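Enquirer: Provided below are the primary sequence and the corresponding predicted coordinates.
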Amino acid sequence: VVDGDTSELFSQVVGATRLSDGTIIVGDRRSHQLKYFAPDGRFLRGVGRKGTGPGEFDYMARMLRCGDSLFVHDIGRAGHLVFGVDGGYSRLLQFQAVRPGDQPYRSACNADGVFLHYGWAGRDGPPKVGVFRDDVPFWTTGADGAVRDSVGRFAGSERLGRANAQGRPTGSGPLPLGKETAIALGRDRAYIGTADGYEILVVD
């Protein structure tokens, strides 16, 4: 559509899942909503809006389906907003980390509510300029946010450190077309693919 209702348009999709009755839920960053669709594609409703109140989104990074709950990583809120699959808002969850002051950069979960995370690159040592890739901590938590186990340190996302006109570091972002570690979590196994080779590391 050019004019009128834009509820069926997507801009920056951060996740999607399908429920047992066929309903499809899509997390859309630009509209700050979880969008619900019928199995035939009809738009049903939107949940959420831009803001920092209960059930509101500032900057949606990822949407995960973990059993009967949706966990939306909101970088602007420094945590995960937790919803039921029916769209009801539950709470803002902030996961603990094995590295003080860290927050998950990427997370995966299973149906039992266990999470696998890895941390942000560039947190150890002074800020960097140019392309870099750090080994970062990987760890597991429960749905309560408490750390369960440290998994180890592996390569995180490939980053591009920026600098101002004076050459001073001004932060970093994902390297365009760079390597990005992928993770998944089963009932009793964690899967880590660092993109450094044609293999997946499997740990218990």
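Expert: All right, it came through fine.

Enquirer: from the geometric centre of the chain, which residue sits farthest away?
Expert: Gln166 (33.4 Å; C-alpha atoms, centre = their mean).

Enquirer: that residue belongs to a helix, doesn't it?
Expert: No. Under the criterion used here (DSSP: H, G, I helix; E, B strand; the rest coil), Gln166 is coil, not part of a helix.

Enquirer: how far away is it from Val129?
Expert: Counting by C-beta to C-beta, to the nearest Å, the gap from Gln166 to Val129 is 11 Å. For every residue, glycine as well, the C-beta is placed using N, CA and C.

Enquirer: Gly122 too?
Expert: 11 Å.

Enquirer: identify the contacts common to the two.
Expert: Gly161 (C-beta atoms under 8 Å, 6 or more residues apart in numbering).

Enquirer: more neighbours, those two?
Expert: More neighbours surround Gly122 than the other of Gly122 and Val129, with 19 against 14 (other C-beta atoms under 10 Å).

Enquirer: beta partners for the nearest residue to Gln96 once chain neighbours are set aside?
Expert: Distance criterion C-beta to C-beta, 6 or more residues apart in numbering; nearest residue to Gln96, sequence neighbours excluded, is Val147 at 4.8 Å. Here Val147 sits in beta bridges with Thr141, going by DSSP bridges.
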